[in-house]
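Participant: Following is a predicted model, sequence given first.
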Amino acid sequence: MTKAAKIYINGELIGTCDEPLEFVQEMREKRRSGEVSEEMNITFYEDNNEIYIFNDPGRARRPLIIVSGGVPLLEEAHIAKIAEGELKWDELMQLGVVEYLDAEEEENSYIAMSLKDLNEHHTHLEIDPSTMLGICAGIIPFSDHNSSPRNTMEAGMTKQALGLYASNYSFRTDTRAHLMHHPQTPLVKTRIIDATNYDKRPSGQNFVVGVMSFEGYNMEDSLILNKSSLERGMSRSSFFRSYESSERRYPGGQEDKFEVPDKGVRGYRSEEAYRHLDEDGIINPESYVTSGDVLIGKTSPPRFLEEIDDFGGSGERRRETSLTVRHGEKGIVDAVLLTETVEGSKFAKIRVRDTRQPEFGDKFASRHGQKGVVGLILSQEDVPFTEDGVVPDLIVNPHAIPSRMSVGQVLEMVAGKAGCLEGERVDGTPFNDDLEGEVKQALLDNGFEAAGCESLYNGMTGERIEAEIFVGVAYYQKLHHMTTDKVYARSRGPVQVLTRQPTEGRAREGGLRFGEMERDCLIAHGASLALKERLLDESDSYRAIVCEDCGMVSVHDKIRDKKYCPICGESESFPVEIAYAFKLLLDELKSLCIFPKLVLEDKA
Amino acid sequence: MEKTIEKVIKIAKKKKAEFPESYILDIADASIRRELSDKELETLIIKVRKAYERSKVEAGEAVGTVAAQSVGEPGTQMTMRTFHYAGVAELNVTLGLPRLIEIVDARKKISTPTMAIYFEEEYGNDESFVKKLANKIGKSTMNDIILDLNINYIDMKVEATFDVAKIEDKQLDFDEIIEKVEKAFKKVIINDNVLSFEPPKESIRELRLLADKVRDLQISGAKNIGKVIIRKEDEWIIHTEGSNLKEVLKQEGVDKIRTSTNDIHEIETVLGIEAARNSIINEALRTLNEQGLTVDVRHIMLVADMMTNEGVVKSIGRHGISGEKSSVLARAAFEETGKHLLNASIRGEVDKLTGIIENIIIGQPIPLGTGSVGVMMKPRKRKGGR
């Protein structure tokens, strides 16, 4: 006895059906004829006798060509019409030639990869094998020759690449924005690049790449860059940061004021900090600013009214609440925008620009998950050159290739080289195998070795380098991990109020944490005093005075220069060097009604 | 040889060298082989003493931290949750990190107890003997020796037929089986190979329960031991699922020296704390080696020593070593801060600040390494004084 198949719509049981296969087929026909929305997908699971219908948003769907009896419904006539621009995509769907499947309905279909694989059992035909790739993975040329982890990595990294992120960038005030100065379209492209208009928003440049180790400066995935290339503008980018501030209104009729603060204002910075400000308290465009410089001079009313000042009067003393350039950043004021808020008060946005020429430690990546940081910037005259006098922009280490199996990079470099010589772009769409011969022939025609190897000459001595060096052209991306945003060191600096330990994080000028495992290392080495120095002297050392009688921290009245214990009164006390965090612990224990006593002894 | 050994012992004593026994034997052996003269022997002993003393851990070395790091670092490379078939197919033994955690936690109930039973020389190659013992130890239930189990709803009976071939194959004693069956079920009629059971109450539920009970009745085997696998390596070995060391060691023909279990607590109760210590070392080392990690035995020995030095196996952690530290601050810094602080304040505990953690908390040099030494001044008495 066969039970009726359950029908679920968007996961909800709606009804049953006695002839599931026929029903599913009928629904599909209706979708293709346009009777039912083309966004509907239907799946029949034979093993549990259930039909799933989905039409809710948020499903990943992809288009396929419908096949009937081993013949694709897309005919030559259609293709000709599309080429002439008479037929559009939507019309193809209306004709029932293509349809979108979701992950569920794919379970019910048998999809042929290419025309030549097609047989009568197939239900669909792939438009192109590379449609299985998304936008990010689709940018990778020859991704079918790469190992999958590398493709995954690259799909993640393209998102971090700098480029022309928006064409109206000069009118935008993004809090943070990177802009590459001279982005290029990749020499080796894919069909997905065409489809996504990547060429209109490129995010990289074509580098002449030499694959060789050079004095060890490209060990462990570091890169050697040609200084002259950089000076010509290669991989140069701008960093924009926008600041904003407004004249807030407070209850009681008081408000903030944009102005150059007077010397009497509480929290007045040095005069130098205000030097770029105009009369209206706002900085002028094109002035060079560094961290701590005031962008918008602003004063706020006192926090508490009728506050008594030093002279006993209640004269209003405004607070200084200026907007300054972030710690560790610098730049040139790019744009100043002055408007008003919804409430009608003055509102200013300031965009600061900073040019970033590549420097040591900046991160770069090819389109094959081959990422690395700059290890050396070499003058052009020291970089090896080819017989024709071509000097590479970049030298990568050969050890980066074999273990990672990113063969796609090698192919891209050869194809890029051939494209350069022929003066045309190369199509590197994955699953397209008949390119190799063309590329080789192009190289041979131009008098190069088919494999892409050349002899190079040492830039410093002029000697020919014995080994043949693989030189090609690859598309490299500058990623937004840059040294200037990350370099940091601190000796002394701000501490937290509660624990008196150094603050955390670069933005707060914090200390670098000496963590538990680092501590364990010093213990393991028996470096007792080094450990004490790290954890106490360099952190939150505190000289507590401890009452001899009760063992609690006593008080030093600095005004009267007297020490007394809050419990025992005038008892003798002794100074003890402890961590402030420990004193805090003692205080917290006291607040828990535990009375910790310190028993003092002479130093052994 | 005897003479040389005595001579070596004598010289060593004179030179104040405290050698382990194996060293003395080695030196004596070398002395004979190289035909050393007395003087040469003496120099050799002095040299060995120097090398031996140099190789000892120095006072104030942070052996515990180094051991923890030496086990911990390779531990990070261990793949979490590995349930591998260790050598023996179809026998599932916990391995990798979960097993290592189990060992240092000194779990009372380990997840996969297993035994490796070896045999004395004369039985090692005797397949039928080994098989017989395996059947004696291994668990067999009624289900394994009956042909068919039939629930008769009409007469309210459960009927079963013995499979004589299977009983013979398992080398079980027929009378013993019947004895066991009669002992377990009161209302049973045994007629040659056919058994019929009656439920205590006449209801279908009871009848079904009875059928399950009959099926699961254990006919033979030691307690806690389940499946048994016989394998021939160089000799016959029995691997078991579950473990019962005490019973197995009682069996004749079992090699009492090589036979072992992976249940440390069982070893502790059967063989004593020293055996438990060795077992911790062996099990931990084996688990690490299985993953292709090499850790020096001495680190693991230290762990094992710490776990067993009080005569019972203690775990490392809250309920064991770390929870029994003398310092309040050290205990509070580890786990259950509130509990320790509260109890300490009720009892009025005094922290003598002798450990590492306490001294780090209050910000003093730790009593270890360079901090373990101090300067003592011995003022020379001047003649006449000042």
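Facilitator: That came through, no problem.
Participant: Do a quick rundown of the helices in the stretch 51-200 of chain B.
Facilitator: Using DSSP state H, counting those that start in this stretch, the helices of the stretch 51-200 of chain B run over residues B:63-77, B:96-105, B:127-137, B:142-145, B:164-169, B:174-184.
Participant: go on, the stretch 51-200 of chain A?
Facilitator: Under the criterion DSSP H, counting those that start in this stretch, the stretch 51-200 of chain A contains helices at A:76-84, A:89-94, A:103-106, A:135-138, A:148-157, A:191-195.
Participant: Can you list the helices and strands that the fourth one packs against?
Facilitator: Looking back up the chat, that one is helix A:135-138. Using 3 or more C-beta pairs under 8 Å, 6 or more residues apart in numbering or on different chains; DSSP states H and E, the elements in contact with helix A:135-138 are helix A:148-157, helix A:191-195. C-betas here are computed from N, CA, C, even on glycine.
Participant: Mind checking the ones you listed for the one nearest to chain B?
Facilitator: Chain B sits nearest to helix A:148-157 of all the helices and strands packed on helix A:135-138, at 17.7 Å, using C-beta to the nearest C-beta.
Participant: What mean pLDDT does the closest one get?
Facilitator: When pLDDT is averaged over helix A:148-157, the result is 94.
Participant: Against which helices or strands is it packed?
Facilitator: Using 3+ C-beta pairs under 8 Å, 6+ apart: helix A:148-157 touches helix A:135-138.
Participant: Next, the buried residues of stretch B:56-68.
Facilitator: For stretch B:56-68, the neighbour count (16 or more other C-beta atoms under 10 Å in any protein chain shown) marks B:61-62, B:64-68 as buried.
Participant: Please see if that stretch touches chain A.
Facilitator: Yes: counting by C-beta under 8 Å from any C-beta of the partner chain, contacts between stretch B:56-68 and chain A involve B:60-62, B:65-66, B:68.
Participant: returning to that earlier point: got a markdown table for the helices of the stretch 51-200 of chain B, with distance to A:Gly70 and mean pLDDT too?
Facilitator: Output for the helices of the stretch 51-200 of chain B, formatted as a markdown table (distance: least, C-beta to C-beta, whole Å; pLDDT from 0 to 100):
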| stretch | distance to A:Gly70 | mean pLDDT |
| --- | --- | --- |
| helix B:63-77 | 53 | 89 |
| helix B:96-105 | 51 | 88 |
| helix B:127-137 | 61 | 83 |
| helix B:142-145 | 55 | 79 |
| helix B:164-169 | 58 | 78 |
| helix B:174-184 | 67 | 79 |
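Participant: where does the stretch 451-600 of chain A come near chain B, residue by residue?
Facilitator: Going by C-beta under 8 Å from any C-beta, the residues of the stretch 451-600 of chain A near chain B are A:519-521, A:523-529, A:531-532, A:535-536, A:541, A:577-579, A:582, A:585, A:589, A:592-595, A:599.
Participant: can you list contacts of stretch B:133-141?
Facilitator: B:117, B:170-172, B:215-222, B:225-228, B:230, B:238, B:240, B:244, B:247-248, B:251, B:253-254 (C-beta atoms under 8 Å, 6 or more residues apart in numbering or on different chains).
Participant: Return a ChimeraX selection command for the buried portion of those residues.
Facilitator: Those of these that count as buried under 16+ other C-beta under 10 Å are selected in ChimeraX with:
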select /B:117,170,172,217,219,220,221,222,225,228,230,238,240,244,247,248,253,254
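Participant: A:Glu126 and B:Asp216, how far apart?
Facilitator: Applying C-beta to C-beta, to the nearest Å, the value for A:Glu126 to B:Asp216 is 57 Å.
Participant: Could you pick out the longest strand of chain A?
Facilitator: strand A:464-478 (DSSP state E).
Participant: Can you give me the buried ones in the helix or strand that comes right after that one?
Facilitator: Later in the chain than strand A:464-478, the nearest helix or strand by DSSP states H and E is helix A:483-486. When burial is assessed from 16+ other C-beta under 10 Å, helix A:483-486 yields no buried residues.
Participant: In chain B, what residue lies closest to chain A?
Facilitator: For chain B, C-beta to the nearest C-beta, closest residue to chain A: B:Gly369, 1.6 Å.
Participant: Quick check, that residue in contact with A:His525.
Facilitator: Yes: if you go by C-beta atoms under 8 Å, B:Gly369 and A:His525 touch, sitting 6.6 Å apart.
Participant: any common contacting residues for the two?
Facilitator: B:Ala62.
Participant: between these two, which one's more packed in?
Facilitator: Neighbour tally, B:Gly369 and A:His525, criterion other C-beta atoms under 10 Å in any protein chain shown: the higher count belongs to B:Gly369, 23 against 17.
Participant: now that one, nearest residue through space, not along the chain?
Facilitator: Leaving aside its chain neighbours, B:Gly369 sits nearest to A:Gly526 (1.6 Å; criterion: C-beta to C-beta, 6 or more residues apart in numbering or on different chains).
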